[in-house]
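coordinates only, sequence not included:
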């Protein structure tokens, strides 16, 4: 089954998605059931490279909550079927392997952002969305409730774009919860810079989350581009969550790295789910002091923005 994870098999996976989407209808709840059922998924959101993947891994292994794994993510058009196969046939369970590279994890059981799934319902030019089509909202709700029932647990999603789509998601779901991860801004900025270097081979090309009015930040110098993925994103999540009156939990990367058990206890209580007693051994990542001119500009800019708050 591991061949499913290979990027060069995507054409084959696309064909399997089309076939499995026909079977998925048998696993979906009806439209009436979807309207009558309570659906309050949990979303992990935040800036790129803020620690959201690590929190996703910690919550998947440390809480009794349903999550999207790498196997399920390959069948974004048949998520209920994939959830059934994952849970009842393959019996995939989260592991305490906390490795990831730019948000990507290893193994069929590793956590996944489920990007293709969310792209089915939000097809704008950027990752920001203020609304969702009624027909898309109805299908999205049915898909999530069907997965939730199949897994027998509350549903957890980690996708950064959902932080820029709080308004439509609050219309689709009854009582969604948004857990925002915040990291020391300079460490966060340095991690984004490192991701640009790793993914593109240079510092100048945009990487990851695309906020509203993307053309404006793209015209800025690199250090200001990176800052635009941190401070405005935080502000938008906080403001929109408040306006939509949804639950918004802020969790700091440094805090849950220091004491992951305490963070899980807090989340279990807030989300109304049970704990799993597991080993949570991992090495947190912290930024090195600035060395290049660009890194020094990043440091000073982050310092300036923090001072203004």
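Perfect, thanks for sending it. Here the structure is a predicted model, which means the values were calculated and not measured.

what's the burial count for the spatially closest residue to residue 58 that is not a sequence neighbour?
Among residues not flanking residue 58 along the chain, residue 260 sits closest, at 5.5 Å (C-beta to C-beta, 6 or more residues apart in numbering). (Glycine included, C-beta is placed from N, CA and C.) A count of nearby residues for residue 260, using other C-beta atoms under 10 Å, gives 21.

correct me, but residue 260 touches residue 62?
Yes: with contact defined as C-beta atoms under 8 Å, residue 260 counts as touching residue 62 (7.3 Å).

who touches both of the two?
residue 280 (C-beta atoms under 8 Å, 6 or more residues apart in numbering).

residue ranges for the strands of the stretch 51-200 of the chain, please.
Remark: strands assigned in the stretch 51-200 of the chain by DSSP state E, counting those that start in this stretch are 156-158, 177-182.

can you redo the ones you listed as CSV with mean pLDDT and distance to residue 85?
Formatted as CSV, these follow (pLDDT from 0 to 100; distance: least, C-beta to C-beta, whole Å):
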stretch, mean pLDDT, distance to residue 85
strand 156-158, 98, 19
strand 177-182, 98, 27
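
In a markdown table, list these along with distance to residue 280 and mean neighbour count.
As requested, these are arranged in a markdown table below (distance: least, C-beta to C-beta, whole Å; neighbours: other C-beta atoms under 10 Å):
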| stretch | distance to residue 280 | mean neighbour count |
| --- | --- | --- |
| strand 156-158 | 17 | 24 |
| strand 177-182 | 16 | 23 |
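
Quick one, which of the ones you listed gets closest to residue 46.
strand 177-182 (4.0 Å; C-beta to C-beta).

what residues does that closest one touch?
Contacts of strand 177-182 (C-beta under 8 Å, 6+ apart): 40-47, 50-52, 55, 162-163, 166, 234, 237-238, 241, 246-253, 267, 270-271.

who does it pair up with?
Using DSSP bridges, strand 177-182 pairs in its sheet with strand 42-46 (parallel), strand 247-252 (parallel).

deepest of these, which one?
Compared across those, strand 42-46 shows the largest average neighbour count, a mean of 25 (mean count of other C-beta atoms under 10 Å).

Turn the strands of the stretch 51-200 of the chain into JSON lines, including distance to residue 125.
Shown next, in JSON lines, are those (distance: least, C-beta to C-beta, whole Å):
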{"stretch": "strand 156-158", "distance to residue 125": "22"}
{"stretch": "strand 177-182", "distance to residue 125": "23"}
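
Which of those sits closest to residue 82?
Of the strands of the stretch 51-200 of the chain, nearest to residue 82 by C-beta to C-beta is strand 156-158, at 14.2 Å.
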